[in-house]
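[1] How does the following fold in three dimensions:
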Amino acid sequence: MASQATAPPARAGIGRIVAASLVGTTIEWYDFFLYGSAAALVFNTLFFPSSDPLVGTLLSFLTYAVGFAARPLGGIVFGHYGDRVGRKKLLVISLLMMGGATFAMGLLPTHASIGVGAPVLLTVLRLVQGFALGGEWGGAVLLVSEHGGDARRGFWASWPQAGAPGGNLLATGVLALLAAVQSDEAFLAWGWRVPFLLSGVLVMVGLWIRISVTESPVFLAARREAEAAAAAGAQEKPPVVEVFRKSWREVLTAIGTRFGENISYYILTAFVLVYVTVHLELPKSDALNAVLIGSAVHFVTIPLWGALSDRLGRRPVTLIGAVGMALWAFAFFALLDTESFPVIALAVTVGLLFHGAMYGPQAAFISELFDTKVRYSGASMGSQLASIIGGALAPIIAVELLKDHDSALPVAVYMSFAALVTAVTVKFARETRGRDLAADETAGPAPLPAPRREGSVPLGG
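    Numbers count the residues shown, from 1 in each chain. Reported below is the predicted structural model:
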């Protein structure tokens, strides 16, 4: 395909695309994180009753992990059709699937009502959630990346990333509000259902916004070329086959890039709820409000990290976050152990700032690794495979380490090691800043040089 640098988009046009992606990802992450918060706070009692609180929580987090297990399958299916029929159509389907599953969770009978059928139904709906989210991330970031210009792609593509803390902020905020105005008995009896049922309203809003956007011009150009080639008799291989045949190194790079980011995020936002409420025996409002404050700062700063990656490069900014997280992991638990709410909030907020440095540039970086014909498939598979070995297991491993050692030190070591894996991956990856996404060449054109001050040592080679 002939290479022609992507022109800067009209501000109104890219603003509408960013809004559609951000609102959609916020709603989908709201649905997904709502389950994680509920798993830590109420599902262990309502669906997995046990005499040992940590055992019940562990069982609850196992169904939490099931959602991650379904994400790579969702990434493959949505990626295949997203590379064939378009990003926009698949994003509408993923939003409807996620919202429907979350709304249905709010109607489920508990273990006390129907016994073992309750966790079975919960697990099935969690699978649907994971399948839908597996297709959401790739499509949302690609829609923005492929509409945006080369020079500011890191900034524009980081906005759908902000949907993660946005969704977590919304989910945690609703739960914190209910916990504040309800007794524990009322919250367990019916209050926990309200945030799940609210998802139905949010999905309708997101659907209305998402339907209004246009398809990616980069994708449309690639489809025209593919159709012309097919008319001439060329055989088009399935995108997933092409990814593993030509871009397996890029898939591994995406997995390594997401590994530390994924693990640290779920420890900072999901496991912290267990640590504060069960291990430290503090009120659930302390944990929820700390995550609420941290998520608000996280939401605002992710686009700033993305914009910085447009100036310095994807790799240096990601390295700041990975190395910072590897060190902060030890301070994080030491600060939690003070049992002081302001200090706990500070620990979560600083952790999420380092996470944002990894997460903000990630959408542009992973998008720039792959060619247009396989970009949805490659980006989705790389990111979702990382979710299985990273985020899916993180709360389970953290709970087991805490249960076995009655100390947070092993959890801090685990968190630090994961961040170092990402640091090493990014250190040896190629810089992608400035790649023309319309150019189908796996190696990509020569990237723009990162500006550096005289005498400074660049973070990347």
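
[2] After the helix or strand hosting F365, heading C-terminal, what element do we hit next?
    In this assignment (DSSP states H and E), F365 forms part of helix 362-369. Using DSSP H and E, the helix or strand that follows helix 362-369 towards the C-terminus is helix 375-389.

[3] mean confidence for that next one?
    Mean pLDDT, helix 375-389: 84.

[4] Output that helix as PDB - backbone C-alpha positions only.
    The C-alpha trace of helix 375-389 is given here as PDB (Å, rounded to 0.1, in the frame of the first residue of the first chain):
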ATOM      1  CA  ARG A 375      -4.500  -4.200  13.400                       C
ATOM      2  CA  TYR A 376      -7.700  -5.000  15.200                       C
ATOM      3  CA  SER A 377      -6.800  -8.700  15.500                       C
ATOM      4  CA  GLY A 378      -3.200  -8.100  16.500                       C
ATOM      5  CA  ALA A 379      -3.900  -5.300  19.000                       C
ATOM      6  CA  SER A 380      -6.800  -7.300  20.600                       C
ATOM      7  CA  MET A 381      -4.900 -10.600  20.800                       C
ATOM      8  CA  GLY A 382      -1.800  -9.000  22.300                       C
ATOM      9  CA  SER A 383      -3.600  -7.000  24.900                       C
ATOM     10  CA  GLN A 384      -6.100  -9.700  25.800                       C
ATOM     11  CA  LEU A 385      -3.500 -12.500  26.100                       C
ATOM     12  CA  ALA A 386      -1.700 -10.200  28.500                       C
ATOM     13  CA  SER A 387      -4.900  -9.900  30.500                       C
ATOM     14  CA  ILE A 388      -5.100 -13.600  31.100                       C
ATOM     15  CA  ILE A 389      -1.600 -14.000  32.500                       C
END
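
[5] which helices and strands sit right next to it?
    Applying 3 or more C-beta pairs under 8 Å, 6 or more residues apart in numbering; DSSP states H and E, one finds that helix 375-389 makes contact with helix 53-69, helix 71-85, helix 117-147, helix 239-246, helix 248-266, helix 362-369. Yep, even glycine has a C-beta here, placed from its N, CA and C like the rest.

[6] one step back: I'd like the mean pLDDT over the helix holding F365, please.
    pLDDT averaged over helix 362-369 gives 90.

[7] Does A322 touch A419 like I think?
    Yes. In this structure, A322 is within contact of A419 by C-beta atoms under 8 Å, at 4.9 Å.

[8] Next, show the common contact partners of those two.
    Residues touching both A322 and A419 by C-beta atoms under 8 Å, 6 or more residues apart in numbering: G260.

[9] thinking again about what came up before, which residues are in contact with the helix holding F365?
    Taking C-beta under 8 Å, 6+ apart as the rule, helix 362-369 contacts 141-142, 144-146, 153-154, 157-158, 160-161, 247, 250, 253-254, 257-258, 261, 306, 309, 314-315, 318, 375, 378-379, 382-383, 432-433, 435, 437, 444.

[10] Now for the chain, the helix or strand with the poorest mean pLDDT.
    helix 53-69 (a mean of 69; mean pLDDT, DSSP states H and E).

[11] G86 is in contact with Y376, correct?
    No. Using C-beta under 8 Å, Y376 is not in contact with G86; the gap is 9.3 Å.

[12] Please say which of these two ends up with more neighbours.
    More neighbours surround Y376 than the other of Y376 and G86, with 33 against 18 (other C-beta atoms under 10 Å).

[13] Report the contact partners of that one.
    78-79, 82-83, 87, 90, 138-139, 142, 239.

[14] for E146, same thing?
    Applying C-beta under 8 Å, 6+ apart, the residues near E146 are 6, 87, 216-219, 367, 372, 375, 437.

[15] Can you select the buried ones from these in PyMOL?
    A single PyMOL command selects the buried members of the contacts of E146 (16 or more other C-beta atoms under 10 Å):
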select buried, resi 6+87+216+218+219+367+372+375+437
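
[16] Any idea which of the helices and strands packed on helix 375-389 gets closest to A231?
    Among the helices and strands packed on helix 375-389, the nearest to A231 by C-beta to C-beta is helix 71-85 (15.9 Å).

[17] Check which helices and strands whichever helix or strand comes after that closest one sits against.
    Once helix 71-85 ends, the next helix or strand along the chain (criterion: DSSP H and E) is helix 87-105. Under the contact criterion of 3+ C-beta pairs under 8 Å, 6+ apart, helix 87-105 touches helix 11-38, helix 71-85, helix 117-147, helix 193-211.

[18] would you turn those into JSON lines with distance to E185 and mean pLDDT?
    Output for the helices and strands packed on helix 87-105, formatted as JSON lines (distance: least, C-beta to C-beta, whole Å; pLDDT from 0 to 100):
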{"stretch": "helix 11-38", "distance to E185": "17", "mean pLDDT": "76"}
{"stretch": "helix 71-85", "distance to E185": "35", "mean pLDDT": "84"}
{"stretch": "helix 117-147", "distance to E185": "19", "mean pLDDT": "83"}
{"stretch": "helix 193-211", "distance to E185": "14", "mean pLDDT": "84"}
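
[19] got JSON lines for the ones you listed, with distance to L95 too?
    Output for those, formatted as JSON lines (distance: least, C-beta to C-beta, whole Å):
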{"stretch": "helix 11-38", "distance to L95": "6"}
{"stretch": "helix 71-85", "distance to L95": "12"}
{"stretch": "helix 117-147", "distance to L95": "7"}
{"stretch": "helix 193-211", "distance to L95": "6"}
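
[20] out of those helices, nearest to H298?
    So among the helices and strands packed on helix 87-105, helix 11-38 is nearest, using C-beta to C-beta, at 11.9 Å.

[21] any idea how far the closest one is from the chain center?
    Counting by C-alpha atoms, centre = their mean, to the nearest Å, helix 11-38 is centred 11 Å from the centre of its parent chain.

[22] And it, what does it pack against?
    Using 3+ C-beta pairs under 8 Å, 6+ apart, the elements in contact with helix 11-38 are helix 53-69, helix 87-105, helix 117-147, helix 153-181, helix 193-211.

[23] That helix to helix 153-181, inter-axis angle?
    40 degrees (axes from the mean of the first three to the mean of the last three C-alpha atoms, to 10 degrees).

[24] May I see the buried residues of helix 11-38?
    Buried residues in helix 11-38 (16+ other C-beta under 10 Å): 14, 16-18, 20-38.

[25] before we move on, the earlier item: the helices and strands packed on helix 11-38: which one's closest to H405?
    Nearest of the helices and strands packed on helix 11-38 to H405, taken as C-beta to C-beta: helix 53-69 at 12.2 Å.

[26] which residues touch the most centrally placed residue in the chain?
    Residue closest to the mean C-alpha point of the chain, counted by C-alpha atoms, centre = their mean, is A164 at 5.7 Å. By C-beta under 8 Å, 6+ apart, the contact list for A164 reads 25, 29, 33, 265, 359.

[27] Check what pLDDT it gets.
    As predicted, A164 sits at a pLDDT of 85.

[28] just R311 next, same as before
    Note for R311: predicted pLDDT of 94.
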